[in-house]
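Engineer: Would you be able to build a 3D model of this:
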Amino acid sequence: KILQQVDSSILWLLKFPPSAEKRLRMEAKARGVDERRLIFVDLYPRDEHLQKKSGASLFLDTLIYNAHSSAADSLASGVPL
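Structural biologist: Here you go, the predicted structure:
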């Protein structure tokens, strides 16, 4: 819903198996969201990871499976949680 309602939003995820990425892109398209707004990235060394993460405006946690170190990294990068 956020991707549908906030034009500048992106979904930034670790790389998935290609079949899963394809399915997520198909779901985005089916819901009227430009699939290019789904960003899949590799793992980076911690310093580079924190630098890249600092470009985000907001980190949203998920229900059930909490972010743990991802949330701590976001806060350390100056990204609100």
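
Engineer: Going by C-alpha atoms from here, please, whenever you check contacts or count neighbours.
Structural biologist: Noted.

Engineer: Can you tell me the SS state at the nearest residue to residue 80 once chain neighbours are set aside?
Structural biologist: In this structure, residue 80 finds its nearest non-sequential neighbour in residue 58, 5.3 Å apart by Cα to Cα, 6 or more residues apart in numbering. Secondary structure assignment for residue 58 (DSSP: H, G, I helix; E, B strand; the rest coil): coil.

Engineer: ok, residue 58 touching residue 78?
Structural biologist: No. Look at residue 58 against residue 78 with Cα atoms under 8 Å: they stay out of range, at 9.4 Å.

Engineer: Now do the residue nearest to the spatial centre of the chain against residue 4, distance only.
Structural biologist: In the chain, the residue lying closest to the centroid (Cα atoms, centre = their mean) is residue 12, at 2.1 Å. According to Cα to Cα, to the nearest Å, residue 12 and residue 4 sit 15 Å apart.
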